[in-house]
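# Got a sequence here, can you build the structure:
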Amino acid sequence: MTRTALVVGASGIVGSATATLLLDRGWVVHGLARRPVDQAGVRPVVADLQDAATTATALRDLKPDAVFITTWARQDSEAENIRVNSAMVRNLLDGLRPSGSVRHVALVTGLKHYLGPFEAYGQGKLPQTPFREEQGRLDVANFYYAQEDEVFAAAARDGFSWSVHRPHTVIGKAVGNAMNMGTTLAVYATICRETGRPFRFPGSQAQWNGLTDMTDARQLAQQLLWAATTPEAANEAFNIVNGDVFRWSWMWGRIADWFGLVPAPFDGTVQPLEEQMQGDAPIWRRIAEREGLVEPNLSRLASPWHTDADLGRPIEVVTDMSKSRRLGFLDYQATDDAFVDLFERLLADRLIPRREG
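Purely as a prediction, here's the structure:
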């Protein structure tokens, strides 16, 4: 029997990968966004989740079996993040309640569950690494917790199962996404090649030398689908990473090699991308016009602030996946291959220029 999904944030890094996987598996997929983009096979739903009334109207005729919440709206403070993002989840689930069709809701959050929100990121008393799901909430306000609480309350009231998914930094393709390390590094490498500037690791000594991991958006999509269709995974929170670990001292060279660059030696000094790329918008526009790229606006491709937050952390961050492994989720993705796959897609879609350019 054909199943129906509602992917909230279907044009984002995680949402687009999830929609693609569901379509490949024969699901009917509706993609909700304020401004939907054209995605083959995805049925667009236009809604602003901050507006309860218009959200209810937009969802009135939908009867999804599963809902995948893969988006959030960044605000100027954590208090506002909590107010806005919890309301978005609440309005979404309230709008779906009349249909009575929902059997499962999956919520994507992240490792800020363990590291704290942007205002207190990596500060204070943090749990030991590798992070494990049984490590509870930090004693700090966090919009992830507020989103979870909305899902838990609706599940208890309406009778659906839920799952929470906590990726590390996500590798995937999406234009205009606020948290996009892979494309940011691709753009940075391209500008370094264009200008002859050194390809410098922008982060901390701890990140350069310590172990870390990442999450391919396709790997996350696989876990989302698995949790939605596996009874043993119901009502659980799961970490989700690729399954390998690496050091940036190794990965930086792999990325440099793909772009035909020699990585600059790392001297232990943090040199944030936000500073290095501060005046690069005209350079990128010139590259885009010369090479016929489809996105000349640097700010729609690169998110230096987010990449700096991850690569500048003063602590090692590694994630444990034993919980889902024990329940049967065994998918794996090598992270260096994930970066290469992304770069090849960006090249094919004319978002970055050919390497010999």
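
# Could you report the pLDDT at Lys42?
You called it Lys, but residue 42 is Val. Listed pLDDT for Val42 reads 96.

# can you check Arg97 too?
The predicted local confidence for Arg97 is 97.

# and it, how many neighbours does it have?
Using other Cβ atoms under 10 Å, Arg97 has 15 other residues around it. The C-beta positions use only the backbone N, C-alpha and C, and glycine is treated the same way.

# Doesn't it lie inside a helix?
Yes. Assessed by DSSP: H, G, I helix; E, B strand; the rest coil, Arg97 belongs to a helix.

# pretty sure it is touching Gly159, no?
No. In this structure, Arg97 is not within contact of Gly159 by Cβ atoms under 8 Å, at 10.5 Å.

# Just the helices from the stretch 101-250 of the chain, written as ranges.
In the stretch 101-250 of the chain, the segments counted as helices under DSSP state H, counting those that start in this stretch are 112-115, 143-158, 181-195, 205-209, 217-229, 248-258.

# avg pLDDT for the third one?
Spelled out, that is helix 181-195. 97.

# Please give me every residue in contact with Trp162.
His104, Val105, Ala106, Leu107, Val151, Phe152, Ala155, Ala234, Asn235 (Cβ atoms under 8 Å, 6 or more residues apart in numbering).

# For the fourth one, give its distance to Asn85.
Spelled out, that is Leu107. From Leu107 across to Asn85, the span is 11 Å (Cβ to Cβ, to the nearest Å).

# Let me know which of the helices of the stretch 101-250 of the chain is the nearest to Val28.
helix 217-229 (14.1 Å; Cβ to Cβ).

# Distance to Gln278 added to the helices of the stretch 101-250 of the chain, as JSON lines?
Formatted as JSON lines, the helices of the stretch 101-250 of the chain follow (distance: least, Cβ to Cβ, whole Å):
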{"stretch": "helix 112-115", "distance to Gln278": "26"}
{"stretch": "helix 143-158", "distance to Gln278": "28"}
{"stretch": "helix 181-195", "distance to Gln278": "12"}
{"stretch": "helix 205-209", "distance to Gln278": "21"}
{"stretch": "helix 217-229", "distance to Gln278": "28"}
{"stretch": "helix 248-258", "distance to Gln278": "21"}
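
# Identify whichever of those helices lies nearest to Val270.
helix 205-209 (8.4 Å).

# Can you give the contact residues for that closest one?
Here helix 205-209 makes contact (Cβ under 8 Å, 6+ apart) with 201, 247-249, 252, 266, 268, 310-316.

# Swap in 6 Å and give it another go.
Helix 205-209 is contacted by residues Phe201, Trp248, Ser249, Phe266, Gly268, Leu311, Arg313, Pro314, Ile315 when judged by Cβ atoms under 6 Å, 6 or more residues apart in numbering.

# Surely Leu293 is in contact with Asp349?
No. Counting by Cβ atoms under 6 Å, Leu293 stays clear of Asp349, with 9.3 Å between them.

# and those two? which has more neighbours close in?
Between Leu293 and Asp349, counted using other Cβ under 10 Å, Leu293 has the larger neighbour count: 19 against 13.

# any idea what the more buried one is structurally, helix, strand or coil?
Put simply, Leu293 is coil when judged by three-state DSSP.

# Looking at the helices of the stretch 101-250 of the chain, which is nearest to Thr57?
helix 143-158 (19.0 Å).

# what residues does that closest one touch?
Contacts of helix 143-158 (Cβ under 6 Å, 6+ apart): 81-82, 85-86, 89-90, 93, 97, 105, 107, 109, 112-113, 137, 162, 164.

# Mind picking the two most distant members of these?
Most distant of the contacts of helix 143-158, by Cβ to Cβ, are Arg97 and Lys112, 28.5 Å apart.

# Show the pLDDT at the spatially most central residue of the chain.
The chain has Val170 as the residue nearest its centroid, 4.4 Å off, counting by Cα atoms, centre = their mean. Val170 carries a pLDDT value of 95.

# and it, what is it in contact with?
So Val170 contacts Ile13, Thr215, Ala217 (Cβ under 6 Å, 6+ apart).

# before we move on, the earlier item: give me the buried subset of the contacts of helix 205-209.
Neighbour counting with 16 or more other Cβ atoms under 10 Å marks Phe201, Trp248, Phe266, Leu311, Arg313 as buried within those.

# For Asp336, which non-adjacent residue is spatially closest?
Arg254 (5.0 Å; Cβ to Cβ, 6 or more residues apart in numbering).
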